[in-house]
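With the sequence up front, the predicted model follows.
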Amino acid sequence: MHSSTQHVLQYFSYSHLPERLQVISMHFHELAEEVAARAGDNPETTVALRKLLEAKDAAVRAAL
């Protein structure tokens, strides 16, 4: 796995969040792991994960 992909994946952790936000973030974490595992080891995988991270952040903020 490319180092930039690994770097982005760290931001999908959710254990530090309150339980009600963990439920939201957990789904993004699972999808991010699947994308990283199935997509090729290329820059587009990192772009996809960054955009997914943006969506996760927005969804968590929306639930605040």
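Good, I have the coordinates.

Nearest the geometric middle of this structure, what residue?
Phe12 (4.0 Å; Cα atoms, centre = their mean).

I figured that one was touching Glu54, is that so?
No. Between Phe12 and Glu54 there is no contact under Cβ atoms under 8 Å: 11.9 Å. No exception for glycine: its C-beta is placed from N, CA and C like everyone else's.

any residues in contact with both of the two?
The contact sets of Phe12 and Glu54 do not overlap (Cβ atoms under 8 Å, 6 or more residues apart in numbering).

for the residue nearest to the centre of the chain, what are its contacts?
25, 28-29, 32-33, 53, 56.

contacts for stretch 37-55?
Counting by Cβ under 8 Å, 6+ apart, 1-2, 4-5, 8-9, 11-12, 28, 31-32, 35-36 sit against stretch 37-55.

Of the contacts of Phe12, which belong to helices?
25, 28-29, 32-33, 53, 56 (DSSP state H).

and the gap between Ser3 and Pro43?
Counting by Cβ to Cβ, to the nearest Å, the gap from Ser3 to Pro43 is 12 Å.

So between these two, which is more surrounded?
Pro43 (11 against 7; other Cβ atoms under 10 Å).

distance of that one from Val60?
26 Å.

before we move on, what about His16?
For His16, the distance to Val60 - Cβ to Cβ - is 11 Å.

Counting neighbours, go ahead and name the busier of these two.
Val60 (16 against 8).

give the contact list for the more buried one.
Val60 neighbours (Cβ under 8 Å, 6+ apart): 17, 21, 24-25.
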